[in-house]
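S.K.: what's the 3D shape of this:
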Amino acid sequence: MSPTEGAPRDVIPTHLLKGQKALVTGANSGIGLATAVALGRAGADVVVNYVAGREEADKVVEEIRSFGVRAAAYQADVSDEDQVVAMTNRMVEEFGTIDILVANAGMQRDAAFTEMTLAQWHKVLEVNLTGQFLCAREATKEFLRRGVVPEVSRAAGKIICMSSVHQVIPWAGHVNYAASKGGVQMMMETLAQELAPKKIRVNAVAPGAVRTPINRSAWETPEAREDLLRLIPYGRVGDPEDIAHAVVGLASDLMDYVVGTTLFVDGGMTLFPGFATGG
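M.R.: So this is what the prediction gives:
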């Protein structure tokens, strides 16, 4: 990567989300980590959710606190209803409320279709789709209880679902993951339709290829990177901060009229670059 590539980390206005309380699931690594830090930089108090890796979560909390805001790490499995309810109740008790939910926690369990086990299918759907449903449901209860606080935000609450370009691009060998993200799209749009009259904004961010530890093999070597860049018209692999900046924007009143939209942050991957020369 050349020195000019990548997303700058310090471009966010530091008071954009001042006074707001954000929960980011799966926030101790990758996109979730960058998003939690970016929300803190924008002035929000942040709860860093994790299911494993307490030491990493504590480091994220420490970085967020360096911006002069509150932060805490909560352990919870987002696919477990009781744990999600307990996590949300704890946040309301300790932070006063929740204004922003970033339903980011996700996973892959890849296999060829005929080799995929029912356990692999269920696990990915439980975390990637059911987990978002549970977190959104509990956050929405608090949004409805509290209502709009105009000096904090024009919306009663903001939900940002983490989807993927694979909500629209099929992905052989990853049928459980692609199905989960297609489900996220329709869940998000349905929630947006139902909750908009209550002044709750629901949107999604769909990352393309992003430089995270989970997909290191796809970008770490020059050969792998060259193959990957053939799919990205903009000519670079994304960084977690690219996604984080999109989330901060959607969470802010700058995008108060954006409802039920998926924002693709993919360097043009969904433009089907294979057809750029006529197919």
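
S.K.: and the helices in this protein, which stretches?
M.R.: Applying DSSP state H to the chain gives helices spanning 30-41, 54-65, 81-95, 118-125, 131-146, 175-195, 222-229, 240-251.

S.K.: out of the ones you listed, which comes closest to T212?
M.R.: helix 30-41 (3.8 Å; C-beta to C-beta). Where you see a C-beta, it was placed from the backbone N, CA and C, and this is true even at glycine.

S.K.: which elements pack onto that closest one?
M.R.: strand 21-24, strand 45-50, helix 54-65, strand 100-103, helix 240-251 (3 or more C-beta pairs under 8 Å, 6 or more residues apart in numbering; DSSP states H and E).

S.K.: quick one: low-confidence residue ranges for the stretch 101-250 of the chain.
M.R.: For the stretch 101-250 of the chain, applying pLDDT under 70 flags the ranges 214-220.

S.K.: what are the bridge partners for A206, then?
M.R.: With DSSP bridges as the criterion, A206 is bridged to F264.

S.K.: returning to that earlier point: need the helices of the chain in JSON lines (columns: mean neighbour count and distance to N203).
M.R.: Putting the helices of the chain into JSON lines (neighbours: other C-beta atoms under 10 Å; distance: least, C-beta to C-beta, whole Å) gives the following:
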{"stretch": "helix 30-41", "mean neighbour count": "27", "distance to N203": "14"}
{"stretch": "helix 54-65", "mean neighbour count": "17", "distance to N203": "23"}
{"stretch": "helix 81-95", "mean neighbour count": "17", "distance to N203": "20"}
{"stretch": "helix 118-125", "mean neighbour count": "15", "distance to N203": "22"}
{"stretch": "helix 131-146", "mean neighbour count": "21", "distance to N203": "12"}
{"stretch": "helix 175-195", "mean neighbour count": "19", "distance to N203": "7"}
{"stretch": "helix 222-229", "mean neighbour count": "13", "distance to N203": "27"}
{"stretch": "helix 240-251", "mean neighbour count": "24", "distance to N203": "5"}
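
S.K.: export these to a markdown table and append columns for distance to P207.
M.R.: Output for the helices of the chain, formatted as a markdown table (distance: least, C-beta to C-beta, whole Å):
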| stretch | distance to P207 |
| --- | --- |
| helix 30-41 | 7 |
| helix 54-65 | 19 |
| helix 81-95 | 23 |
| helix 118-125 | 17 |
| helix 131-146 | 15 |
| helix 175-195 | 10 |
| helix 222-229 | 13 |
| helix 240-251 | 5 |
